[in-house]
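Asker: my questions concern the predicted model and sequence given below.
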Amino acid sequence: MTVFSLLTVRSRWYTLGRVRRELQILHFPVLQLHSSYSAMQASQEAFERAKEQLKSLKEDPGNDVKLKLYGLFKQASQGPCNAPKPGMLDFVNKTKWDAWNSLGNLSKDNARQAYVDLVSSLISRESLDEKADSQSKYQTLEVTTQDNITKIMLNRPQKKNAITTQMYNEIMQALEEAAKDDSVITVFTGSGDYYCSGNDLNNFMNISSDGKEKMAEDAAIMLEKFVGLFIDFPKPLIAVVNGPAVGISVTLLGLFDIVYATERATFHAPFSHLAQSPEGCSTLTFPRIMGFAKANEILLFNKMLSAAEACERGLVTEVFPDNSFQKEVWTRLKSYARLPKNCLAFSKQLIRVLDKEKLHEVNRQECKRLVERWLSEECMNAIINFFQRKSKL
């Protein structure tokens with residue numbers, strides 16, 4: 001998005017109504033240019049970098065700001081306005097000429113500095129707005145959209161990103177919003193050393209006044225909806241497993257389109273230790289991916305996989321060295337995000353369409369079985385034993 005594409009010039013007569021539409025003043029705060037500039041002038045390199053940064057703006061800064069940018073760009077590139085004044089009926093070109101001419105004899109150096117400062121303020125404001133928006137919406141996640149990628153980061157590093165009821169609800173909200181936004185792909189990852197340590201077992205200890213039966217039923221309804229959003233997610237969904245993964249964060253991986261992992265990641269689904277049963281459609285996806293015998297080692301007998309083993313079994317797409325993991329993966333993700341959005345969505349739909357009904361049925365059956373498990377004496381004893389062992393550490 002160059003300054004020139006922001007204010008398109010067309011060589012034909014404009015009606016007043018058309019001009020109003022093309023130069024509609026949007027309700028963005030107008031950034032004021034200062035008459036005095038820093039003594040240290042912006043270099044040509046900084047000026048070129050600012051031009052590139054301008055392309056990354058996601059929000060329209062408004063026509064007042066775009067006209068200032070245009071005038072400063074022309075002044076910095078060509079010096080004071082030396083073009084003939086357009087005719088009165090050439091509204092668009094006249095408005096642009098006025099923006100340039102209004103800078104008078106401002107030097108190229110000062111114009112370049114003002115241009116760099118203005119672009120920098122726009123980038124900073126947008127970045128702060130995105131951060132504030134993420135923080136105001138979510139307490140357990142960090143959700144950002146940049147370079148056509150929506151990143152959903154589990155953000156409880158002090159608890160190894162264990163999933164609370166609040167986090168379940170926030171992930172569902174983030175998925176629903178990501179499904180509708182303009183991003184091309186959606187990425188899940190974790191903050192800190194862990195990808196996710198599974199369910200926060202305190203979820204099971206906070207029994208409501210309605211009793212454990214109602215709590216188990218409500219939890220199953222929430223879980224079915226939660227997993228259902230992964231089944232139905234319309235865009236490519238990519239897991240960036242930055243560390244150990246446990247429980248539901250492992251079983252859900254069968255519903256992702258790509259799974260990238262650092263070499264230090266591990267994958268553990270210790271359901272039998274807690275007298276529970278698998279979820280996340282893993283009772284269908286894992287045997288499909290790796291065969292029944294290999295899947296049974298994980299889902300029945302608690303086998304922990306290294307990243308290399310998970311890749312060998314087909315659960316992980318590719319493993320990267322830990323010291324270059326983030327750089328290599330995000331370079332690749334940014335290249336994916338430049339692909340045609342609708343093409344990717346339609347292709348995923350074709351791949352998934354015949355499986356959706358089966359996946360939803362498996363999800364319902366898994367959640368139904370979990371209600372029975374959660375209410376069983378076997379499960380309660382296993383969870384109590386877990387907390388007792390933990391308290392002795």
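Answerer: Arrived safely, thanks for sending. Source: prediction; values computed, not measured.
Asker: pull whichever strand or helix holds A220 out as CSV, backbone CA atoms only.
Answerer: Here A220, judged by DSSP states H and E, is contained in helix 212-232. C-alpha atoms of helix 212-232 as CSV (Å, rounded to 0.1, in the frame of the first residue of the first chain):
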residue,chain,number,x,y,z
LYS,A,212,-20.8,-32.9,40.9
GLU,A,213,-23.4,-34.5,38.5
LYS,A,214,-24.4,-31.1,37.2
MET,A,215,-20.7,-30.0,37.1
ALA,A,216,-19.8,-33.1,35.0
GLU,A,217,-22.7,-32.5,32.6
ASP,A,218,-21.8,-28.8,32.1
ALA,A,219,-18.1,-29.7,31.6
ALA,A,220,-19.1,-32.3,28.9
ILE,A,221,-21.3,-29.7,27.1
MET,A,222,-18.4,-27.2,27.2
LEU,A,223,-15.9,-29.8,26.0
GLU,A,224,-18.1,-31.0,23.1
LYS,A,225,-18.5,-27.4,21.9
PHE,A,226,-14.8,-26.7,22.4
VAL,A,227,-13.7,-29.7,20.3
GLY,A,228,-16.4,-29.0,17.8
LEU,A,229,-14.9,-25.7,17.0
PHE,A,230,-11.6,-27.4,16.0
ILE,A,231,-13.5,-29.9,13.8
ASP,A,232,-15.4,-27.1,12.0
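Asker: and it, how far out from the chain's middle?
Answerer: Put simply, helix 212-232 sits 23 Å off its chain's centre (CA atoms, centre = their mean, to the nearest Å).
Asker: one more: stretch 231-242?
Answerer: Per CA atoms, centre = their mean, the centroid offset for stretch 231-242 relative to its chain is 10 Å.
Asker: do stretch 109-118 as well
Answerer: For stretch 109-118, the distance to the chain centre is 33 Å (CA atoms, centre = their mean).
Asker: with stretch 94-113 instead?
Answerer: 39 Å.
Asker: now swap in stretch 290-297 and tell me
Answerer: With CA atoms, centre = their mean, you get 32 Å for stretch 290-297.
Asker: who touches it?
Answerer: Outside stretch 290-297, the residues that touch it by CB atoms under 8 Å, 6 or more residues apart in numbering are 282, 286-287, 289, 303, 313-315. In short, each C-beta sits where N, CA and C put it, glycine included.
Asker: buried residues in that stretch, which are they?
Answerer: Using 16 or more other CB atoms under 10 Å as the burial criterion, the residues of stretch 290-297 that qualify are 290, 294-295, 297.
Asker: could I get the full set of helices for the stretch 251-393 of the chain?
Answerer: 282-290, 292-299, 307-312, 325-336, 341-374, 377-392 (DSSP state H, counting those that start in this stretch).
Asker: now do E361 against R369, distance only.
Answerer: 13 Å (CB to CB, to the nearest Å).
Asker: the more surrounded of those two?
Answerer: R369 (16 against 12; other CB atoms under 10 Å).
Asker: which ones are touching that one?
Answerer: S277.
Asker: now do it, the pLDDT please.
Answerer: pLDDT recorded at R369 is 98.
Asker: distance of it from L284?
Answerer: Distance from R369 to L284, by CB to CB: 13 Å.
Asker: picking up where we left off before, which one of the buried residues of stretch 290-297 is nearest to K212?
Answerer: A295 (30.5 Å; CB to CB).
Asker: just the strands in the stretch 101-250 of the chain please.
Answerer: With strands called from DSSP state E, counting those that start in this stretch, the stretch 101-250 of the chain shows them at 141-146, 149-154, 185-190, 237-241, 245-246.
Asker: quick one, which of these is nearest to S107?
Answerer: Short answer: strand 141-146, nearest of the strands of the stretch 101-250 of the chain by CB to CB, at 35.0 Å.
Asker: C379 - nearest residue in space that isn't next to it in sequence?
Answerer: In space, and not counting its chain neighbours, C379 is closest to A275: 4.2 Å by CB to CB, 6 or more residues apart in numbering.
Asker: hmm, who's touching the helix holding A220?
Answerer: Contacts for helix 212-232 (CB under 8 Å, 6+ apart): 165, 168-169, 171-172, 175-176, 203, 207-208, 237, 252, 255-256, 279-281, 352, 356, 359-360, 363-364, 366-368, 370-371, 374-375.
Asker: report the angle between it and helix 341-374.
Answerer: 160 degrees (axes from the mean of the first three to the mean of the last three CA atoms, to 10 degrees).
Asker: just the pLDDT for N148.
Answerer: For N148, the model assigns a pLDDT of 96.
Asker: just give me the neighbour total for it.
Answerer: The burial count for N148: 18, using other CB under 10 Å.
Asker: check contacts around it.
Answerer: 182-185, 337-338, 341.
Asker: filter those residues to the buried ones?
Answerer: The buried subset of these - by 16+ other CB under 10 Å - is 183-185, 337, 341.
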